[in-house]
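J.: Attaching a predicted model along with its sequence, questions to come.
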Amino acid sequence: MEKVGKGTLDGDLRLVAGIGEGDARQWEEFVERYTGWALYRASRWCKQHCAHRALDMECGIQSVSMRMDGIIPSVSGRREECDEGMDTYIWIMEQLKRKIMKYGGKNGSRLSTFVWTVLNSRELYVDWLRWKYGRVF
């Protein structure tokens with residue numbers, strides 16, 4: 001299957017259909033498009049709930065974000081990296097993969113609008129809190 005165009009509603013629908021059929025290339029395209037947004041959301045949540053602020057640990061998300069911007073973090077003087085942010089990122093991407101199956105392009109809504117809405121929903125945040133801390137929320 002060829003790479004789906006980013007600029008059309010039809011392309012968005014084909015991308016989601018391909019992901020639903022298990023097409024790894026379509027999933028890679030989705031990840032390429034929305035990784036930045038998912039990393040941003042994971043970073044915001046983790047900063048609010050970080051248990052390692054006072055400790056000598058680097059945030060794993062910051063390291064990945066720097067690499068995505070073409071900055072290679074210095075190896076000398078580096079501290080141990082916290083994996084909680086990356087665990088959150090992976091959890092978010094798994095949730096998006098599941099939730100985008102509901103995307104239908106209703107009223108001409110683009111996939112980017114759908115993904116942005118999911119990432120900024122209270123429902124996703126509460127689900128994350130439950131995943132992270134258990135059913136206390």
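T.: Looks like it came in fine.

J.: and the gap between Gln48 and Asp127?
T.: For Gln48, the distance to Asp127 equals 15 Å [Cβ to Cβ, to the nearest Å]. To be clear about C-beta, it is placed using only N, CA and C from the backbone, and glycine gets the same treatment.

J.: Those two: who's more crowded?
T.: Neighbours per residue, other Cβ atoms under 10 Å: of Gln48 and Asp127, the larger number sits with Asp127, 15 against 8.

J.: can I assume the more buried one is in contact with Ile92?
T.: No. Look at Asp127 against Ile92 with Cβ atoms under 8 Å: they stay out of range, at 9.9 Å.

J.: List the residue ranges of this structure that fall below the pLDDT cut-off.
T.: By pLDDT under 70, the low-scoring segments of the chain are 1-6, 52-57, 60, 63, 65-66, 73-79, 136-137.

J.: middle-most residue in it, spatially?
T.: Ala38 (2.5 Å; Cα atoms, centre = their mean).

J.: Name the residues of the longest helix seen in the chain that come out as buried.
T.: In the chain, with assignment by DSSP state H, the single longest helix is helix 24-49. If you call a residue buried by 16 or more other Cβ atoms under 10 Å, then helix 24-49 has these buried ones: 26, 29-30, 34-35, 37-39, 41-43, 45-46.

J.: So which elements touch it?
T.: helix 9-20, strand 57-59, helix 60-68, helix 84-99, helix 111-119, helix 122-133 (3 or more Cβ pairs under 8 Å, 6 or more residues apart in numbering; DSSP states H and E).

J.: Alright, calling it a day.
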